[in-house]
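1. model the structure of this input:
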Amino acid sequence: MVDKMTLSLSKQNDEWSTTLLAAQRQLYSEARRAVNAQYILAGLVALLGQLMGCVAPEARPIVGLTSILITILNSSILKPVGRNRAKIAASIQEEFDTSTLGLPWNEVLAGRLPEPQTIVEASGRFGGDRSALRDWYGDVTGAPWEIGVLLCQRENLSWNWRLKRTISNLALCYVVGACLISLYVAVVMRVEIATILMALLPWLPFFLLVTDLALVQREEARADEALARQIDSMIEDTIADKVTTSVTDLRRIQDILFGNRSRGHSTPDWLYWRRKNSLQESSRAVREQYLRRARLHT
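-> I've put the predicted structure just below:
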């Protein structure tokens, strides 16, 4: 049991916790591969359609049929595989969180605890640096239990919404950039806009996928940021003894985190590692500010 007077995070670095984190990182990586495969296939079909339109117009029906088959493949196999991997990864992260933070498991929402064999097998496939998984949550030593939990949950959200906003911006820049380049080519080469649009038509499914990614990530970033601001208010009120933060309050926030993780919109590894140091530093500064104030009121 976790001491409910103060929150100790020493358990997050034990062998099983590291196994849990390695497993969830691996499963999220596999979920991303399934999603990436959808984009790659959509892009290949678009490129093939464009080439066939120029070289062998009579082959367009075959390209159209291939496009339909790949769409079916995406929706019936790749998308479910990605979602399934993400759901298992979210459950494993939830086991890590509830164990480390001392929160009750919500079986109604998350189902039963993940199978240990599934966790061990996924962890065994993880080829990353396990030492980088240490100290998953920043030090909250001396903080009252509920404030420590809120700070860890806030750290999750503050990373999430910033990374999701970055992904959304990159995706939108890609779509807008492709449209602007097409218009520029049309003007410079004096090609009719209608001709350019016809050339881009095979890419429409791919552009729709990227646009959908941008809009979904932006909406989720807004929701995560709003919840992070709500947690800030809860921490402020708890420090000032205006309210008592209950286990139910903390579990409600954890339920939202689990729902977010289960959707499968995880951050690409390259972006995670690129932003990790700056996000850690900003989270540390905010965490230390709250901890200093909490200790003054205890």
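2. tell me the contacts of Phe96?
-> By Cβ atoms under 8 Å, 6 or more residues apart in numbering, the contact set of Phe96 is Gln12, Ser17, Leu20, Leu21, Gln24, Trp136. Just so you know, the C-beta spots here come from the backbone N, C-alpha and C atoms, and that holds for glycine as well.
3. ok, now Ser17?
-> Residues counted as contacts of Ser17 (Cβ under 8 Å, 6+ apart) are Lys11, Phe96, Ser99, Thr100, Trp136.
4. and what of Glu220?
-> Asn160, Trp161, Lys164, Asn260, Arg263, His265.
5. can you confirm it is in a helix?
-> Yes - Glu220: assigned to a helix according to DSSP: H, G, I helix; E, B strand; the rest coil.
6. and it, what's its pLDDT?
-> Glu220 carries a pLDDT score of 88 in this model.
7. how far away is it from Thr267?
-> In this view, Glu220 and Thr267 are 11 Å apart by Cβ to Cβ, to the nearest Å.
8. overlap of the contact sets of those two?
-> Lys164.
9. nearest residue to Lys11 other than its sequence neighbours?
-> Thr100 (5.4 Å; Cβ to Cβ, 6 or more residues apart in numbering).
10. also Arg218?
-> Sequence neighbours aside, Ser168 is the residue nearest to Arg218 in space, at 4.0 Å (criterion: Cβ to Cβ, 6+ apart).
11. what's around the one you found, how many residues?
-> 20 (other Cβ atoms under 10 Å).
12. buried residues in the host helix or strand of Ala86, which are they?
-> In this structure, Ala86 is located in helix 79-101 according to DSSP states H and E. For helix 79-101, a neighbour-count test (16 or more other Cβ atoms under 10 Å) marks 79, 81-83, 85-101 as buried.
13. please save the CA atoms from that helix in PDB.
-> Extracted C-alpha coordinates of helix 79-101, given in PDB (Å, rounded to 0.1, in the frame of the first residue of the first chain):
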ATOM      1  CA  LYS A  79      -6.900   0.300 -37.900                       C
ATOM      2  CA  PRO A  80      -8.200  -2.400 -35.500                       C
ATOM      3  CA  VAL A  81      -4.700  -3.700 -34.900                       C
ATOM      4  CA  GLY A  82      -3.500  -0.200 -34.000                       C
ATOM      5  CA  ARG A  83      -6.400   0.400 -31.700                       C
ATOM      6  CA  ASN A  84      -6.000  -3.000 -30.000                       C
ATOM      7  CA  ARG A  85      -2.300  -2.400 -29.300                       C
ATOM      8  CA  ALA A  86      -3.000   1.100 -28.000                       C
ATOM      9  CA  LYS A  87      -5.800  -0.200 -25.700                       C
ATOM     10  CA  ILE A  88      -3.500  -2.800 -24.200                       C
ATOM     11  CA  ALA A  89      -0.700  -0.200 -23.800                       C
ATOM     12  CA  ALA A  90      -3.100   2.100 -22.100                       C
ATOM     13  CA  SER A  91      -4.100  -0.700 -19.700                       C
ATOM     14  CA  ILE A  92      -0.500  -1.400 -18.900                       C
ATOM     15  CA  GLN A  93       0.200   2.300 -18.200                       C
ATOM     16  CA  GLU A  94      -2.800   2.300 -16.000                       C
ATOM     17  CA  GLU A  95      -1.500  -0.600 -14.000                       C
ATOM     18  CA  PHE A  96       1.800   1.400 -13.600                       C
ATOM     19  CA  ASP A  97       0.000   4.500 -12.500                       C
ATOM     20  CA  THR A  98      -2.400   2.900 -10.100                       C
ATOM     21  CA  SER A  99       0.400   0.900  -8.500                       C
ATOM     22  CA  THR A 100       2.800   3.900  -8.300                       C
ATOM     23  CA  LEU A 101       0.300   6.600  -7.300                       C
END
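14. quick check: buried residues in the helix or strand that that helix is followed by?
-> Reading on from helix 79-101 to the C-terminus, the next helix or strand found by DSSP H and E is helix 107-110. Neighbour counts over helix 107-110 (16+ other Cβ under 10 Å) mark Ala110 as buried.
15. state the mean pLDDT of helix 107-110.
-> For helix 107-110, the per-residue pLDDT averages 93.
16. what helices or strands is that helix leaning on?
-> Packing contacts for helix 107-110, counted by 3 or more Cβ pairs under 8 Å, 6 or more residues apart in numbering; DSSP states H and E, involve helix 79-101, helix 247-262.
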